[in-house]
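# build the 3D model from these lines:
(chains A and B)
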Protein chains: 2
Amino acid sequence: MSKAKIEINAAGREVLTEINGKQQVPFKGVGQYKPTGRKAAPPIRSCSDYPEDGDKRAATIKEALKKCGLKDGMTISTHHHLRNGDYIPNMVFAAAAELGVKDLRWFPSASFPIHAPVVDHLESGVVHHIEGSMNGPLGDYCSRGKMRGTAVLRSHGGRYQAVQDGEVHIDIAVISAPCADPFGNANGLRGPAACGLLGFALADSQYADRVIVVTDHVEPFPCIPWQIQGNNVDVVVEIDSIGDPAKIISGTTRLTKSPDRLLIAETAVQFALEAGIVKDGFSFQAGAGGTSLAFAVFLRQVMEKHNIKARFVRGGSTKYLTDMLEAGLTDFILDGQTFDLDGVRSMRENPAHQDTSPFTSYNYHGKGNFASMIDAVVLGATEVDLDFNANVVTHSDGRLLHGIGGWQNCLFGKTVIMPIPLLRDRIPVIVDKVTTLCGPGELIDVIVTERGIAVNPRRKDLLKALSGSKLPLRTIKELKDEAEKICGGVPAKPNFGEKVIAAIKWVDGTVIDCVKQVG
Amino acid sequence: MSKAKIEINAAGREVLTEINGKQQVPFKGVGQYKPTGRKAAPPIRSCSDYPEDGDKRAATIKEALKKCGLKDGMTISTHHHLRNGDYIPNMVFAAAAELGVKDLRWFPSASFPIHAPVVDHLESGVVHHIEGSMNGPLGDYCSRGKMRGTAVLRSHGGRYQAVQDGEVHIDIAVISAPCADPFGNANGLRGPAACGLLGFALADSQYADRVIVVTDHVEPFPCIPWQIQGNNVDVVVEIDSIGDPAKIISGTTRLTKSPDRLLIAETAVQFALEAGIVKDGFSFQAGAGGTSLAFAVFLRQVMEKHNIKARFVRGGSTKYLTDMLEAGLTDFILDGQTFDLDGVRSMRENPAHQDTSPFTSYNYHGKGNFASMIDAVVLGATEVDLDFNANVVTHSDGRLLHGIGGWQNCLFGKTVIMPIPLLRDRIPVIVDKVTTLCGPGELIDVIVTERGIAVNPRRKDLLKALSGSKLPLRTIKELKDEAEKICGGVPAKPNFGEKVIAAIKWVDGTVIDCVKQVG
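Below is the predicted model:
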């Protein structure tokens, strides 16, 4: 880091001003950076260069990559709707290795433990570096400073923004498609690897120079709905299997059984009710984590008791949400990814279960997005600090093990509630200063723990609504002190090296923080 | 025209090389012009400039136009899904006149007789000229050489191509929306002015600098499906009524009663059957004209008799097509515009009735489109010549009275069938040379008249399939001669002035022909 230029951004964080050879804008504060210029513009194509009968099939991924002109230094993108069951990225880089190509940039919407073989391609030079969430072995590899380039972590909305704004130019997008026609129309609703929707691949299909759809389930034209539009697709490849269904989608989603987590979830619901958020026509977002699911379950009880109906629920959908839709407790599910088979079925069958994309839901460089319209948003964090700043990417040991997902984008919800335990593995979750800043405290409204609720002092309206409540309202400092008392003091901070191994982007493409190598 | 530079294009037509101050590419032959460069790129926006609660409403169209920075010389676009019932364009130009703005370019997907008041704005200088189909009084005004600029006529696909490729930059798009939410999500499925879909406005919503949605039926967010995405919309205006339902959509579609037309339609169906086109899994397109409807009705009889099911039908949907869908005679309707109330209902209720857009169906500068995948396409023409070239925009008197619609785009269908009468008002439809060239003969396969069928000699496969058929196969010359015999010779050509009043674009943006002022 000796030669890299560093600046202190508006959040007081040291950030690189150049990353992977590209100039960066340091974070300027929420809503303060005003973009200029025009969106990225993909090349104009002509129908005369595509088959008139609409059949764009090539025999193999390797042939498709050759057709798309794969060469050294290109950026290859993939999406992660198939999660830890997705076979495609490994196949793509194996084919690239066979073709003798070097120094690729992999731009996944997220990577998973199944993609550990990419470590070999990083070692051999086929892949230069990864920009995208790295869960598991790849995050560990990167954290240990072994990757040549710098990782760049973006939220789902930030990834759309980066592609739309031309910050990241995708040469070839490879889209794992559970269901497609020979023209390239594709969706995630049918076929053995059905995953629900393909929204994470939308930007890729719109802006990449070349787009390859890989499927194991071809239907005759037209494959409807066209979540991915064949008019954006260059080549279609049919293979035996694109993924392991068991690792793509849970058969059923499991609720937490931890008494502490159940207590936290129930308290969060009670808070939302007493604060006046849970009322007819309201909306909420709750993910698929144990506590989030428990939140949805308790919320449903409260809604039924008080005869309250939601206008819409933001998923990650699960059986808990589809049951609410089918019971008439919400008009719509607006779904960004399906987490279980009920979610897939519901999206396939129920027009009120609407698939969304990072464009509709999260893109900060659009004319508004859906995230800021949601009344109550429930999010987790690995750390929260006394200013309500939160971390979601690094563990207490400093290692980069999580992606940002839609987390930063959801912070724009009207009331952001973080149900978190006071301690994880006997380490306090509330800290003086977060190791890595992912979300500014001004956007985080309420911390709910098993030993009390801390409302951000900026939210005077919430504090007023709760005056006289029997809920255990505390300051965040009180919660922190209590946690430290329980575990006997403040634990030692992890040892970091000097090398910056990852940059954390804010939703507007500015750099909000950097992550250093673990020592 | 003395100073204008003229070139002879690949079709042998004299065309301007500069139109409204912009350089033009003369038509080079079907599939011969290869575009370069990148697509148009709209400005990058930021959510920080839009209301967090998603409510983008302004009180009036005038206020919305001011918010969008309307000024002299801008291009304003509208769509024509509300057809002759659409109140919006007149309101927009009235508001522009009140604001004292001059020299606007109106870029409608089509204009209708209801928009006759725009003649006043052309006269007063509020509107400089119109680029788009002009039906009725505006076409007549233009034909008489009264418009300041040159009209540019494009097909539906050509309009998408022109916007996508940056040939036409839209400053402000105004979208008449039968149903919308305050965020700007909109569709044509519900509300008093329900028209089915809004596909003609898609390019406008994607590429215009500013987008205004005008509606008379606001639903709470989310208005689903979002045929127009609120993330592309700047301002929403709610008014009392956007259009006259009786003139937007027919209550019921009427079939032709003319014995000649019925004979032509029946002959066309028999031709398609004997040529081997009508078989399980096939597809066809038939519009809402009397003969086209009759074609669909006779085709259905043949399909039922032979137990044949289509994979998809391209609409313009009507009760005739929705009945086929509901009877299981086709898997899907792929619909570009709904023509009657049954079409609207079916699209609203039946997921197999899919709305499409000029992007999916027609854009020639995409990675393929749907038009070339259709087995049988039925299209009309005002004139056809001995080389099978066809005209669809000018009448026999030389006046510009029709738009191109999807006609040019549909010429890419696998077999293009033109059911036309030998004579219209005692004037032969088959001529030596079409007055205005809209479609090159190499794409037109079969002319079906009440006195015989002429197959394009290029289609040796069709001629072979029909050898031994009892169908009245003739040459196109024979048909022409017969018509001339009936009406007693070749009628006089219209007198044209020297001034070019309109250019006809081919699907790739090149100029295929020009139209001169009527004398």
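# how about the residues of the stretch 301-450 of chain A near chain B?
Selection of the stretch 301-450 of chain A residues close to chain B by Cβ under 8 Å from any Cβ of the partner chain yields A:311-312, A:332, A:334, A:351-352, A:354, A:359-360, A:363-370, A:372-373, A:412, A:414. Where C-beta positions appear, they are placed from N, C-alpha and C, glycine not excepted.
# go with 7 Å
Contacts of the stretch 301-450 of chain A with chain B, taken as Cβ under 7 Å from any Cβ of the partner chain, map to A:311-312, A:332, A:334, A:351, A:354, A:359-360, A:363-369, A:372-373.
# buried subset of the residues you listed?
Among these, those classed as buried by 16 or more other Cβ atoms under 10 Å in any protein chain shown are A:311-312, A:332, A:334, A:354, A:359-360, A:363-369, A:372-373.
# could you list the low-pLDDT ranges of chain A?
A:1-3, A:251-253 (pLDDT under 70).
# mind giving me the domain split of it?
A:56-248, A:259-495 (automatic domain parsing).
# what's the most buried one of these?
Ranked by mean neighbour count under mean count of other Cβ atoms under 10 Å in any protein chain shown, the domains of chain A are led by domain A:56-248, which reaches a mean of 22.
# do that domain and chain B meet?
Yes: for domain A:56-248, a contact with chain B is found by Cβ under 7 Å from any Cβ, at A:165, A:183, A:220-222, A:224, A:229-234.
# mind checking the domains of chain A for the one nearest to B:A288?
Nearest to B:A288 among these is domain A:56-248 (21.3 Å), distances taken as Cβ to Cβ.
# quick one: terminal-to-terminal distance for that closest one?
27 Å (Cα to Cα, to the nearest Å).
# cool, and stretch A:216-223?
13 Å.
# now stretch A:179-199
Chord length of stretch A:179-199, first to last residue, is 14 Å (Cα to Cα).
# sorry, back to before: could I get the residues of domain A:56-248 next to chain B as a markdown table with distance to B:L262 and secondary structure?
Below are those laid out as a markdown table (distance: Cβ to Cβ, whole Å; DSSP: H, G, I helix; E, B strand; the rest coil):
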| residue | distance to B:L262 | secondary structure |
| --- | --- | --- |
| A:D165 | 57 | coil |
| A:F183 | 36 | coil |
| A:P220 | 33 | coil |
| A:F221 | 32 | coil |
| A:P222 | 31 | coil |
| A:I224 | 34 | coil |
| A:Q229 | 39 | coil |
| A:G230 | 37 | helix |
| A:N231 | 37 | helix |
| A:N232 | 42 | helix |
| A:V233 | 42 | coil |
| A:D234 | 45 | coil |
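# and which of those is nearest chain B?
Checking the residues of domain A:56-248 next to chain B against chain B with Cβ to the nearest Cβ, the nearest one is A:N231 at 4.3 Å.
# got the contact list for the closest one?
A:N231 makes contact with B:359-360, B:363, B:366-369 under the criterion Cβ atoms under 7 Å, 6 or more residues apart in numbering or on different chains.
# tell me the two of the residues of domain A:56-248 next to chain B that are most distant?
A:D165 and A:P220 (37.4 Å).
# so A:V214, which of the three states?
Using DSSP: H, G, I helix; E, B strand; the rest coil, the three-state assignment for A:V214 comes out as strand.
# can you tell me the closest non-neighbouring residue to it?
In this structure, A:V214 finds its nearest non-sequential neighbour in A:V237, 4.7 Å apart by Cβ to Cβ, 6 or more residues apart in numbering or on different chains.
# partners of the one you found in the sheet?
For A:V237, the beta-bridge partners under DSSP bridges are A:A58, A:V214.
# so it makes contact with A:I212?
Yes: between A:V237 and A:I212 there is a contact at 6.3 Å, judged by Cβ atoms under 7 Å.
# between those two, which contacts overlap?
A:A64.
# phi, psi of the residue nearest the centre of chain A?
With distances taken as Cα atoms, centre = their mean, the residue of chain A nearest its centroid is A:G405 (1.6 Å). The phi and psi values for A:G405, taken as degrees, to the nearest 10, are phi 60, psi -140.
# got a list of what the residue nearest to it when sequence neighbours are not counted touches?
Among residues not flanking A:G405 along the chain, A:H156 sits closest, at 6.1 Å (Cβ to Cβ, 6+ apart). The contact partners of A:H156, taken as Cβ under 7 Å, 6+ apart, are A:109, A:200, A:358, A:362, A:405-406, A:409.
# could I get the residues you listed in a markdown table, plus columns for secondary structure?
Shown next, in a markdown table, are those (three-state DSSP):
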| residue | secondary structure |
| --- | --- |
| A:S109 | coil |
| A:F200 | helix |
| A:P358 | helix |
| A:Y362 | coil |
| A:G405 | coil |
| A:G406 | coil |
| A:N409 | helix |
